[in-house]
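Chemist: Have a look at this prediction, sequence included:
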Amino acid sequence: MSCLVVTSGRAKGRTFKITPDREAVVGRVSECDVCIADPHISRRHCVIAAGQTGYFVRDLGSANGVAINGAKISAEAPLKDGDKLMLGKVEIEFHQEERFEDAETKKLAAAAAAAAASPQIPPRKRSARIETQAVVEFCARCSGSVPAAAIKSGKARRGPDGLLCPECLAGDAARADAGAARRRPAAPGPNAEVTEFSAGPKRGAAGPAPAIDDVIPLDDDDLPVLPDDPPPSAPKAAAADATTPIPGKRPS
């Protein structure tokens with residue numbers, strides 16, 4: 001495992017471990033991985049990390065810059081075992097205890113372990129589709145094929161005579177409508193004569209007064225006098241001799 005050893009300043013003698021699986025930020029604030037409380041070091045001074053070819057250091061825009069073995073770097077520079085870094089007025093030695101191949105292997109192993117620790121979403125199981133062959137039925141009247149979709153949607157229905165296709169059902173409906181139209185009375189045309197019927201006088205309404213000439217006065221003396229029925233035992237001759245008096249004429 002690599003490390004940084006402070007060789008000057010207030011934190012002289014302190015050692016900070018560096019792992020290849022993460023970057024180490026060097027600065028004077030407590031949030032940094034390598035915290036060195038020195039006024040000549042910026043809050044976030046530089047970062048040390050492992051790359052594809054080895055460790056390297058990158059300046060984070062510090063005020064006093066970064067120098068390696070006395071040579072100031074502009075942005076980023078590789079590190080070797082035993083290099084001396086100057087951060088402001090603080091000197092730090094870099095020591096790489098393991099071979100870089102081992103460090104890279106550890107970095108990859110750490111990344112694999114982090115990926116394994118994260119929750120994995122199980123792959124969605126694909127439901128097995130059972131493909132069934134559609135059964136084709138035929139109309140009992142016209143012998144035409146009836147698809148299963150027509151039966152399911154109700155366009156084709158089963159009756160007492162069997163399954164009927166949509167075409168046969170439509171023909172039956174048309175014939176039923178035509179029969180109902182023939183039984184329905186025809187509506188009168190625009191030139192048809194309309195006979196008006198009088199409903200007569202309303203109840204309680206006074207009708208026209210009868211004319212005086214139409215009234216025939218009747219007197220009880222003028223009414224004919226009808227004889228009583230003859231008894232059943234009377235002979236027919238006696239019944240024949242009976243005469244009916246004529247009103248207004250005296251008998252002889």
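Modeler: That came through fine. Being a predicted model, the structure only gives us computed values, none of them experimental. Numbers count the residues shown, from 1 in each chain.
Chemist: Next, count neighbours for the closest residue to Glu23 other than its chain neighbours.
Modeler: Spatial nearest neighbour of Glu23, excluding adjacent residues (C-beta to C-beta, 6 or more residues apart in numbering): Ala49 at 4.0 Å. Just so you know, the C-beta spots here come from the backbone N, C-alpha and C atoms, and that holds for glycine as well. For Ala49, the tally of surrounding residues (other C-beta atoms under 10 Å) stands at 19.
Chemist: Point me to the helix or strand that includes Ala49.
Modeler: Assigned by DSSP states H and E, Ala49 belongs to strand 46-50.
Chemist: for Asp177, same thing?
Modeler: Going by DSSP H and E, Asp177 is in helix 166-183.
Chemist: Now tell me what touches that helix from outside.
Modeler: Contacts with helix 166-183, where a contact means C-beta atoms under 8 Å, 6 or more residues apart in numbering, come from 139, 141-142, 144, 146, 150, 155-157, 164.
Chemist: do stretch 24-40 as well
Modeler: 4, 6, 9-11, 14, 16, 18, 22-23, 41-49, 60, 64, 87-90, 92.
Chemist: What is the end-to-end distance of it?
Modeler: In stretch 24-40, first residue to last residue: 19 Å (C-alpha to C-alpha, to the nearest Å).
Chemist: cool, stretch 70-88 as well?
Modeler: Start-to-end span of stretch 70-88 (C-alpha to C-alpha) is 12 Å.
Chemist: just stretch 55-69 next, same as before
Modeler: Its first and final residues considered, stretch 55-69 spans 16 Å by C-alpha to C-alpha.
Chemist: Check stretch 3-11 too.
Modeler: Per C-alpha to C-alpha, stretch 3-11 runs 15 Å from first to last residue.
Chemist: ditto for stretch 159-173
Modeler: Note: stretch 159-173 ends 14 Å apart using C-alpha to C-alpha.
Chemist: and that stretch, average pLDDT?
Modeler: Stretch 159-173 carries an average pLDDT of 84.
Chemist: ditto for stretch 93-107
Modeler: 66.
Chemist: same thing with stretch 182-199?
Modeler: On average, stretch 182-199 scores 61.
Chemist: just stretch 28-36 next, same as before
Modeler: Averaged over stretch 28-36, pLDDT sits at 93.
Chemist: And stretch 148-155, by the same measure?
Modeler: In this model, stretch 148-155 has a mean pLDDT of 83.
Chemist: Would you confirm that Gly9 contacts Lys89?
Modeler: Yes: using C-beta atoms under 8 Å, Gly9 is in contact with Lys89, at 6.6 Å.
Chemist: More neighbours: which of those two?
Modeler: Taking neighbours as other C-beta under 10 Å, Gly9 and Lys89 compare with Gly9 leading, 19 against 12.
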